[in-house]
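*Asks:* Got a sequence here, can you model it:
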Amino acid sequence: FKRYPFTIIMQDRSIDNSVTHPHRIKIDPGSKTTGIAVVQEHTGQVTSALEINHRGQNIKNSLESRRALRRGRRSRKTRYRKPRFLNRKRPEGWLPPSLMSRVLNIETWTRRLIKLCPVTAISQELVRFDTQKMPNPEVSGVEYQHGELFGFEVKEYLLSKWGHNCVYCGSENVPLEVEHITPKSIGGSNRVSNLTLACRHCNQKKGSDPIDKFLRKKPELLKKVLALAKSPLKDAAAVNSTRWELWRRLKLTGLPVETGSGGLTKFNRKTREIEKTHWIDAACVGKSTPQRLLINGVKPLIVTAKGHGVRQRCRPNKYGFPKAHAPSAKFFKGFQTGDIVIADIKKGKYAGQYTGRIAIRYRPSFVLSAKPFAFAQRRLRRKRGLRPPLREQESGIKIDVHPKYLKTIFKADGYEYLSNQ
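*Replies:* Numbers count the residues shown, from 1 in each chain. The predicted structure is shown next:
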């Protein structure tokens with residue numbers, strides 16, 4: 001029925017002898033990547049998982065580039081679009097396009113999954129980082145800091161900020177401890193700007209030494225740590241800015257929406273002894289998380305937002321002057337930019353079979369971004385002696401291909417897919 005996400009229809013079933021089970025969509029929103037998991041309510045089986053890579057930063061860069069071109073033309077007194085009046089009022093709840101795209105991506109995939117699966121409820125991580133209370137973790141009167149979730153909110157933020165590894169030696173997949181950059185013994189505070197993560201060995205080795213003394217032989221690392229320690233809460237602000245708009249849009253689906261904090265998500269994952277990924281964090285969102293999550297064999301579908309093209313017809317150069325005009329047609333020879341195709345090239349330098357996403361040109365020469373095939377699939381084809389062989393490129397390949405060699409397997413929908421299965 002559908003290739004992405006992979007969906008089949010059982011043709012030998014009828015309404016009388018079919019049994020469906022209630023499922024719950026669980027969402028872990030992120031600034032750059034959002035995890036989504038579909039969990040069967042009664043058994044705790046994760047039936048589907050996705051990781052959505054957003055394009056918010058790309059949108060922001062495009063808007064800034066457009067603004068720079070317009071401002072440059074105004075300063076040179078060349079032809080330009082005059083600035084509009086500043087008395088326009090933005091609607092209530094307005095969000096910048098770079099943030100709104102994250103909300104729309106999540107809403108789109110939630111509604112798609114509802115159509116494919118008997119979903120009865122939704123869980124959303126509503127509060128990821130409480131930036132108002134993080135500067136002083138010892139503040140009294142906050143319920144989650146005095147219960148069994150004590151410390152989980154701050155450490156979850158630090159893990160995201162410092163990249164889940166020891167900041168001093170770079171060790172990964174080891175227990176990390178919260179460490180004071182400026183030790184408390186010489187006046188350091190508990191503010192998050194003074195906290196980092198270190199393995200036990202580095203934490204004990206540093207002790208109560210100032211960081212400039214501890215890293216005196218590593219000046220580049222010292223500069224990096226001090227710069228990152230005072231970095232703004234950009235990702236946290238993006239998540240906090242979009243959380244309520246996302247919640248309102250999920251409520252419009254008509255399903256009950258459960259909410260939970262980032263600390264509760266981490267608590268659920270730690271108590272169930274599960275490794276951290278975006279989709280596993282999503283499966284652990286909220287109090288509805290089953291005591292036992294069945295995740296063996298689940299491979300997430302990696303979804304990357306690519307947009308639906310641009311409306312800009314006149315393409316300017318770096319100085320803002322027209323250099324080309326894009327055709328108004330979106331299709332050529334039955335293909336559209338973003339279609340996922342199979343290419344079977346019979347001869348030449350790139351003879352073989354490919355699968356990937358195409359970018360059309362308005363002539364019989366398309367650009368194919370081919371993805372590498374899975375190792376197991378390549379080995380199976382070698383074992384069977386199938387010809388022509390698959391092109392094996394570990395980092396992918398871009399080639400020009402004639403549309404007569406292409407067969408569409410999935411129409412463009414604004415996303416690019418990479419399955420780990």
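*Asks:* chain center to stretch 89-99: distance?
*Replies:* Distance of stretch 89-99 from the chain centroid (Cα atoms, centre = their mean, to the nearest Å) equals 21 Å.
*Asks:* Pretty sure residue 208 sits against residue 183.
*Replies:* Yes - counting by Cβ atoms under 8 Å, residue 208 does reach residue 183; the two are 4.5 Å apart. The C-beta positions use only the backbone N, C-alpha and C, and glycine is treated the same way.
*Asks:* Centre of the chain to stretch 67-76, how far?
*Replies:* 33 Å.
*Asks:* Go ahead and name everything in contact with that stretch.
*Replies:* Residues from elsewhere that reach stretch 67-76, judged by Cβ atoms under 8 Å, 6 or more residues apart in numbering: 79, 80, 81, 83, 316, 319, 320.
*Asks:* Kindly recompute the last result at 7 Å.
*Replies:* Around stretch 67-76, the neighbours that count as contacts under Cβ atoms under 7 Å, 6 or more residues apart in numbering are 79, 80, 81, 316, 320.
*Asks:* now swap in stretch 170-184 and tell me
*Replies:* Outside stretch 170-184, the residues touching it (Cβ under 7 Å, 6+ apart) are 155, 158, 164-166, 188, 194-200, 203, 208, 210-211, 225, 229.
*Asks:* And stretch 304-320, by the same measure?
*Replies:* 52-55, 69, 72-73, 101, 105, 322-326, 330, 337-338, 414-416.
*Asks:* Just the buried ones among the residues you listed, please.
*Replies:* Buried members of these, counted by 16 or more other Cβ atoms under 10 Å: 52, 53, 54, 55, 69, 73, 101, 105, 337, 338, 415, 416.
*Asks:* and the first one, that one's in a helix?
*Replies:* No - using DSSP: H, G, I helix; E, B strand; the rest coil, the assignment for residue 52 is strand, not a helix.
*Asks:* And it, how far from residue 262?
*Replies:* 18 Å (Cβ to Cβ, to the nearest Å).
*Asks:* Same question for the fourth one.
*Replies:* In this structure, residue 55 lies at 23 Å from residue 262, with Cβ to Cβ as the measure.
*Asks:* For the stretch 251-400 of the chain, just list every one of the strands.
*Replies:* 257-261, 301-305, 314-316, 322-325, 331-332, 335-336, 340-345, 352-359, 366-370, 397-401 (DSSP state E, counting those that start in this stretch).
*Asks:* What residues sit buried inside the longest one?
*Replies:* Going back to what we said before, that points to strand 352-359. 352, 353, 354, 355, 356, 357, 358.
*Asks:* got the angle between it and strand 397-401?
*Replies:* Orientation check (axes from the mean of the first three to the mean of the last three Cα atoms, to 10 degrees): strand 352-359 against strand 397-401 gives 90 degrees.
*Asks:* Now strand 352-359: average pLDDT?
*Replies:* Averaging pLDDT along strand 352-359 yields 88.
*Asks:* can I get the CA coordinates of that strand in CSV?
*Replies:* C-alpha atoms of strand 352-359 as CSV (Å, rounded to 0.1, in the frame of the first residue of the first chain):
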residue,chain,number,x,y,z
GLY,A,352,24.3,-1.1,-12.9
GLN,A,353,21.2,-0.6,-10.7
TYR,A,354,20.7,2.3,-8.5
THR,A,355,17.9,3.6,-6.2
GLY,A,356,17.7,7.2,-5.1
ARG,A,357,16.2,10.7,-5.4
ILE,A,358,16.2,12.6,-8.6
ALA,A,359,16.4,16.3,-9.5
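*Asks:* helices or strands next to it in the packing?
*Replies:* strand 340-345, strand 366-370 (3 or more Cβ pairs under 7 Å, 6 or more residues apart in numbering; DSSP states H and E).
*Asks:* about what we covered before: show the buried residues in the contacts of stretch 170-184.
*Replies:* Buried subset of the contacts of stretch 170-184 (neighbour count, 16+ other Cβ under 10 Å): 155, 158, 165-166, 188, 194-199, 203, 211, 225, 229.
*Asks:* Return the subset of these lying in strands.
*Replies:* 195, 196, 197, 198, 199 (DSSP state E).
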